[in-house]
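*Asks:* Pasting the sequence and the predicted coordinates here, then a few questions.
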Protein chains: 4
Amino acid sequence: MPFDLEDLYRDLHSHPELSFAETRTAGLAAARLRELGLDVTEGVGRTGVVGVLANGAGPVVHLRADMDALPVTEATGLDYASTQRAVGPDGVEVGVMHACGHDMHVTWLLGALERLVATRDRWSGTVVAVFQPAEETIGGAREMVADGLVDRFPHADVVLGQHLAPLPAGVASVTSGPAMAGADTLTITMHGRGGHGSRPQSTIDPVLAAASAVVRLQSIVSREVAPGALAVVTVGSLHAGTKSNIIPAEATMGVSVRSVDADVRATLLDGIRRIVAAEATASGMTEPPTVVVDETVAATVNDPEATARVRAALETRFGAERVIDIGTLTGSEDVHELATAAGAPLVYWFVGGVDPETFSRAAAAGRVEQEIPTNHSPFFAPVLHPTIEHGVETLVTAAMEWVGRR
Amino acid sequence: MPFDLEDLYRDLHSHPELSFAETRTAGLAAARLRELGLDVTEGVGRTGVVGVLANGAGPVVHLRADMDALPVTEATGLDYASTQRAVGPDGVEVGVMHACGHDMHVTWLLGALERLVATRDRWSGTVVAVFQPAEETIGGAREMVADGLVDRFPHADVVLGQHLAPLPAGVASVTSGPAMAGADTLTITMHGRGGHGSRPQSTIDPVLAAASAVVRLQSIVSREVAPGALAVVTVGSLHAGTKSNIIPAEATMGVSVRSVDADVRATLLDGIRRIVAAEATASGMTEPPTVVVDETVAATVNDPEATARVRAALETRFGAERVIDIGTLTGSEDVHELATAAGAPLVYWFVGGVDPETFSRAAAAGRVEQEIPTNHSPFFAPVLHPTIEHGVETLVTAAMEWVGRR
Amino acid sequence: MPFDLEDLYRDLHSHPELSFAETRTAGLAAARLRELGLDVTEGVGRTGVVGVLANGAGPVVHLRADMDALPVTEATGLDYASTQRAVGPDGVEVGVMHACGHDMHVTWLLGALERLVATRDRWSGTVVAVFQPAEETIGGAREMVADGLVDRFPHADVVLGQHLAPLPAGVASVTSGPAMAGADTLTITMHGRGGHGSRPQSTIDPVLAAASAVVRLQSIVSREVAPGALAVVTVGSLHAGTKSNIIPAEATMGVSVRSVDADVRATLLDGIRRIVAAEATASGMTEPPTVVVDETVAATVNDPEATARVRAALETRFGAERVIDIGTLTGSEDVHELATAAGAPLVYWFVGGVDPETFSRAAAAGRVEQEIPTNHSPFFAPVLHPTIEHGVETLVTAAMEWVGRR
Amino acid sequence: MPFDLEDLYRDLHSHPELSFAETRTAGLAAARLRELGLDVTEGVGRTGVVGVLANGAGPVVHLRADMDALPVTEATGLDYASTQRAVGPDGVEVGVMHACGHDMHVTWLLGALERLVATRDRWSGTVVAVFQPAEETIGGAREMVADGLVDRFPHADVVLGQHLAPLPAGVASVTSGPAMAGADTLTITMHGRGGHGSRPQSTIDPVLAAASAVVRLQSIVSREVAPGALAVVTVGSLHAGTKSNIIPAEATMGVSVRSVDADVRATLLDGIRRIVAAEATASGMTEPPTVVVDETVAATVNDPEATARVRAALETRFGAERVIDIGTLTGSEDVHELATAAGAPLVYWFVGGVDPETFSRAAAAGRVEQEIPTNHSPFFAPVLHPTIEHGVETLVTAAMEWVGRR
């Protein structure tokens, strides 16, 4: 019985696995790679898989697909919807769902390898399939690099990858330079002095200090960054106190920062530190705020020259009208860490998965934002066709641009 | 063996009971009242106790002591410290402690009755002992009134009560007019629209809206209330969001309001409603904030004429230098509900429980606030002597001012 | 033709003079004092006048009236309304009006002296009439003291004074302790870096910094001062920039602070300095804000014992219902500097000037604030009778309480 | 004696004229155009000049130079520095300086016409020289259009123009699409209720309301606009009050708004209106704020196709390394109104005027922003060579791209 990509996708979608727990997915990928005759290594970076397709002299192309799902309870109502649950890192059981399309990424990459194997007499070089764990939590790429991805396998001349996006199926978006923002995650605690709610004069109110900081942080983006530069400072969580009539001793904020430019990033981080410290002082706090950078991921920056080659190849293959440029996204990725570690150029692009008619109707009504479920939504559900075929084709087209033609 | 007030106090302190769970305390009080020959009714307002000492024609004086303890884990290190634990209203087990001195209030009242019984040939009239449950949660007085306190027992000509305070033992503080503030407790929720932390433009950020409201609320006290009027608006809790990079849909604030004057109270409550609504509008929220008044308790206002009589009696008995006036406290009480229900004047005063030398040393160093544990502190620990004797004497002195002398 | 107080008042009202320019007023006062036989010294503290009425052995009572008018254009429509104009200290010509009743103060004091001279056989001691310049700008008292008021004239055993107020004519208000607040006036400049309005990133925006400071300053009164303590922090002026599209280099705030308690005052001033410095830091300013204290005047604090004597004397003379207590006013005065310099007790009270029926109607409608023009209003216009007679009588009554009766 | 461009530039620089007062400049331009044989019309849009160089069949190219100077006092110390002074629109005398390079623009355009006349046998078509008044105040383009620029003169097939910029001399920057932002200027007044600074409770404080609005306005850019979209909201001026101790009745803000996208602009303007209205409500103001849009100028958007032609021509002429793209500037212009009125494509670019070595040194030190005086600076001083020659050449090159070659 021939291998069927749609069956594979349905199966993966029904069996989502959280970050660094992608054992079943990795096993399926490895098995299929072996069927295709690749040299397969499992357990690269805990649950990652690397398959090498050596096909004579020529450039080495790394094709990357990430594998992990999200702690989201699926609400699509599809017959292949996930009913899986898992215990997340915080010990609480949650629903698990491929709400970001990594199931499709795995499908595309296996489909592309099938095609590259089938057409191996038409090209020469090496294709390395990289099935990465833990992109959602940022860390999988780092882990694979730490585990020898660069040294143990043929050295990449280019790293290519693609992501499913809420664009019309059949359309790809390629952006030169920054394709996705970098992100920093901070936890900031303001240290006041608690007391009875009726006696504020004997306290240092951390609720007011944190509120003032939240308000004042807005000015970093509005005043300190060049207009038009990508910059986000979001206070996503703020927690203080247990009762109305008790002034607590502390207030804690969770802050997410987005940028693509290093100077802008420095401005944002410096500004945050400066402002929370100053607001603590304004409140009369004697202890400075605690600022912990929980996580940092760089921007995903496409190499301009390599990107131009991919764009040209896709335009030639699909027509210019099907290769758009939606610009820099403010979300973040870790694919670039694979390229950076190898010193290779990166090209990372987006492939649509929405029924084109549905998309057109929403667009005509100006309601794309409202009607098209985006990545991470419990309703995220790509149409299978032509999404599967188109994504395989874009990946093959890009890869073929790099290897030697015979 | 004679009844010993110090033993009683130590026993009560070791066996604190939460609001409306004061069954052991009530049982002890009722038993002692019966020993003294009073007509005793238990279960008035769930766990309250009323004892009537009818002693011929003359005025009816209600003497009130509250009985409940607090969900605080004692840290005094006393040999009679509480080790009790209990399940609080929210289902969580907590330490329980007489951290507000209601054990002393019960002791004083039983001691005063002992004295009034012993000296019954010197006065005529009726003394009603009211052991009230659930002052800490506000509700015990209400419950006793609802259960017939006014109608089923001799009607009060005056309601007297006293509270243990971090003043030197041997000193009482009597304030005419407002002695303690009224309080309103509000829960306010700002309704935004959640989304990804990197895409604020598709959200309505409730963290910023709530922070702006907290900041703006300060102006009610600073600008809308006459300088010198007692007014407090405390945002004691603020909770929003779960992760740095997810903008939540809601933010919730717990607000405590204090005032003594009805117009000031109206200004504060109107101002809060107006400001949170306006800040929601400023954020572009379409749903107005939800504002729930969880609880309201009026100010404790002493009757000027009755207070002057009590002050004069105490000054005569103890000397003017031991009867001070610390002014209106911003904390709240429900003793006044007993007086209001009866249409009787109220006099409620404070009795010191701190070792006078300790107090003097702290005062000389300007460190009273830092060194003397106040009510609700896990270190709150009155000296037993002369606190017990002095509080019995102040209560007897005030009661004797009202009943007829023979 | 006998001297007529009403004629005098109308004349003074029609001829108001600004601070330290009260030459005509001083001349009229000096002339009348001489007519009455007093020993008169002019030019004490620039335009001040001192008249001594020595009447045998006994206490020395200083009676003080201030003389200056305000840069307000009168709008009363009275036939004796002021049409005067003058060049103010800033070089701009303005209307001048006795909008604070100092014309009445001069009238009262001359009327009182007339009575004290007429009844000199009934008392013994010395009365010193002090006609003070420049109360409105604070400085006149200081100037008279610097010019030898204490040393060159009989030393005060008590300083008495009274102020016209929007109370019913025939009523006086006497407050023990703080009768009027102290005031500090500050000018604060935030030093940013200017630039083009379209390039905020190359500037440090002082408008935002100053705005943030204004908002944050509210929290001093709302959080740092004990509820019920008198405290005001008003930013009365804020000026920055010339054009919408130029970010200026500086923003300047005029701040007025009111308090009666020294600790509260320190809290307010420290808080202001701390907050503006912190807000400058929050904005990334490298130069700290400039904070200049332009002027400081202490609270007007009545001596409790002396005040009790004055109150008792007024109550005996007018009935207790005509001697009220409106509590501490938040406005400021410099009369206390005369008492402080002499080491003498001060009693300073308020005398009503509003038609009692008009006042009652407004009070019944809860519209006193809206309908009764207050001091400094261009509509301020006391009824002449019984205001003149009542104020003379209150001043004589208070003075007679001090001198020896024969 | 031959006409000398450097002499012309020095002369223009020494004789700057404010907007709509460019009579001397216009006269010099008209005279030179006549010398060159053009058909000249003066007084088009008050002080504008139009010269037509008809050279046979072919496209009509409009070349625009603006002429007005700024109310800036020159500080360059150049021997040809301006010492001119003039009375500005607000009646105050100010220094006048060509601080934005319009003197160079006039020089370039006259130099280009000289060249086009000299080479007229090599091209065919019509070149229209447009010397526009009052760009600095926005209004000159509008005035020329209103005065018949489109109908009275050969109809433009393209409108070309160039602006002197702080780039290295010899370099031009060409940006497709938005080259400069649009601007809206607003005056916003908050209507409170004034009163004495010591009695805030009887007032509605407009200083606090305006300050709160300034703070809250920051959130429009930080939260409501897509990250990376060009958006500026600057409160350039804020004025309220006259004295520290008087709470004023009003506060007035001057606001400058920048954007290139129509949706972003709507978000900014809607957000401003919403927030100032909400902050007025938060303050308890009954009268909504007054919001006046004083001026609106659209973004300067270059036609992509026409821009590509100009860029290609310049790259061919000067080499690609001397044609850069600095992206959208946040400053504003009205040149696009000439193109919009004609329905013609616009190409507007920037030409460097800084000594290349000076620029390189500053760039290497990362101090371009600090060391290179920008437009509107009193130190703005282009090097004369090769700035003059290069700007003439870029203008001729672009114009020649459009006319027919023979």
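*Replies:* Looks like it arrived, so ask away.

*Asks:* which residue ranges form the strands in the stretch 101-250 of chain A?
*Replies:* A:123-132, A:158-168, A:172-173, A:177-180, A:182-191, A:195-196, A:231-240, A:246-247, A:250-259 (DSSP state E, counting those that start in this stretch).

*Asks:* Of these, which is nearest residue D:316?
*Replies:* Set against residue D:316 and scored by CB to CB, these come closest in strand A:177-180, at 25.9 Å. (Each C-beta comes from the backbone N, C-alpha and C, glycine too.)

*Asks:* now the closest one: mean pLDDT?
*Replies:* Here strand A:177-180 scores 96 as its mean pLDDT.

*Asks:* Point out the other helices and strands that that strand packs with.
*Replies:* Applying 3 or more CB pairs under 8 Å, 6 or more residues apart in numbering or on different chains; DSSP states H and E, we find strand A:177-180 packed against strand A:300-302, strand A:346-354.

*Asks:* if you set the cut-off to 7 Å instead, what comes out?
*Replies:* On a contact count with 3 or more CB pairs under 7 Å, 6 or more residues apart in numbering or on different chains; DSSP states H and E, strand A:177-180 meets strand A:300-302.

*Asks:* follow-up on the earlier one: could you export the strands of the stretch 101-250 of chain A as TSV, including distance to residue B:92?
*Replies:* Listed next are the strands of the stretch 101-250 of chain A as TSV, based on distance: least, CB to CB, whole Å:
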stretch	distance to residue B:92
strand A:123-132	43
strand A:158-168	44
strand A:172-173	51
strand A:177-180	44
strand A:182-191	24
strand A:195-196	21
strand A:231-240	18
strand A:246-247	16
strand A:250-259	20
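
*Asks:* got any ranges where chain A has weak pLDDT?
*Replies:* Across chain A, residues meeting the criterion (pLDDT under 70) sit at A:1-2, A:88-90.

*Asks:* Would you confirm that residue A:23 contacts residue A:47?
*Replies:* Yes: under the criterion of CB atoms under 7 Å, residue A:23 makes contact with residue A:47 at 5.9 Å.

*Asks:* Those two: which is more packed in?
*Replies:* A direct count of neighbours by other CB atoms under 10 Å in any protein chain shown for residue A:23 and residue A:47 places residue A:47 higher, at 26 against 15.

*Asks:* give the contact list for the more buried one.
*Replies:* A:20, A:22, A:23, A:26, A:133 (CB atoms under 7 Å, 6 or more residues apart in numbering or on different chains).

*Asks:* what does residue A:307 give?
*Replies:* Per CB under 7 Å, 6+ apart, neighbours of residue A:307: A:174, A:176, A:347.

*Asks:* Around chain C, which positions in the stretch 101-250 of chain A sit nearby?
*Replies:* Contact residues (CB under 7 Å from any CB of the partner chain) of the stretch 101-250 of chain A with chain C: A:200, A:201, A:205, A:208, A:212, A:216, A:219, A:223, A:224, A:225, A:226.

*Asks:* nearest to residue B:340, of those residues?
*Replies:* Residue B:340 lies nearest to residue A:200 out of these, by CB to CB, at 28.5 Å.

*Asks:* For that closest one, which non-adjacent residue is spatially closest?
*Replies:* residue C:223 (4.4 Å; CB to CB, 6 or more residues apart in numbering or on different chains).

*Asks:* thought the one you found was touching residue A:199?
*Replies:* No: counting by CB under 7 Å, residue C:223 stays clear of residue A:199, with 10.3 Å between them.

*Asks:* between these two, which one's more packed in?
*Replies:* residue C:223 (24 against 19).

*Asks:* Pull the contacting residues for that one.
*Replies:* Counted by CB under 7 Å, 6+ apart, residue C:223 has contacts A:200, A:205, A:208.

*Asks:* residues from chain A in reach of chain D?
*Replies:* So chain A meets chain D at A:215, A:218-219, A:221-222, A:227-228, A:230-233, A:258, A:328, A:330 (CB under 7 Å from any CB).

*Asks:* and those residues, which two are the farthest apart?
*Replies:* Distance extremes for the residues of chain A next to chain D: the farthest pair is A:215 and A:328 at 27.4 Å, using CB to CB.

*Asks:* Near chain B, which residues of the stretch 151-300 of chain A? Just list them.
*Replies:* The stretch 151-300 of chain A comes close to chain B at residues A:181, A:185, A:196-200, A:202, A:207-208, A:211-212, A:214-215, A:232, A:234-247, A:254-256, A:258, as judged by CB under 7 Å from any CB.

*Asks:* Now the buried members of the residues you listed.
*Replies:* If you count burial by 16 or more other CB atoms under 10 Å in any protein chain shown, the buried members of those come out as A:181, A:185, A:196-200, A:202, A:207-208, A:211-212, A:214-215, A:232, A:234-241, A:244-247, A:254-256, A:258.

*Asks:* Need the three-state assignment for residue A:389.
*Replies:* helix (DSSP: H, G, I helix; E, B strand; the rest coil).

*Asks:* what about it, how many residues close to it?
*Replies:* 16.

*Asks:* mind listing what it touches?
*Replies:* Contacts of residue A:389 by CB under 7 Å, 6+ apart: none found.

*Asks:* I'd like the distance between it and chain C.
*Replies:* 47 Å (CB to the nearest CB, to the nearest Å).

*Asks:* Check residue A:67 too.
*Replies:* For residue A:67, the distance to chain C - CB to the nearest CB - is 41 Å.

*Asks:* could you pull out the helices for the stretch 51-200 of chain A?
*Replies:* A:102-118, A:140-146, A:149-152 (DSSP state H, counting those that start in this stretch).

*Asks:* for the stretch 201-350 of chain A, same thing?
*Replies:* Under DSSP H, counting those that start in this stretch, the stretch 201-350 of chain A gives helices at A:206-219, A:262-282, A:304-318, A:336-342.

*Asks:* Among these, which comes closest to residue A:385?
*Replies:* The nearest among the helices of the stretch 201-350 of chain A, by CB to CB, is helix A:304-318 at 15.8 Å.

*Asks:* Just the buried positions in that closest one, please.
*Replies:* In helix A:304-318, counting by 16+ other CB under 10 Å, buried: A:306, A:307, A:309, A:310, A:311, A:313, A:314, A:317, A:318.

*Asks:* Return the member of these nearest to chain C.
*Replies:* Nearest to chain C out of the buried residues of helix A:304-318 is residue A:307 (CB to the nearest CB; 28.3 Å).

*Asks:* Spell out which parts of the stretch 251-400 of chain A neighbour chain C.
*Replies:* So far as CB under 7 Å from any CB goes, the stretch 251-400 of chain A lies against chain C at A:274, A:275, A:278, A:279, A:281, A:282, A:284.

*Asks:* try 8 Å this time
*Replies:* Residues of the stretch 251-400 of chain A lying near chain C by CB under 8 Å from any CB of the partner chain: A:271, A:274, A:275, A:277, A:278, A:279, A:281, A:282, A:283, A:284.
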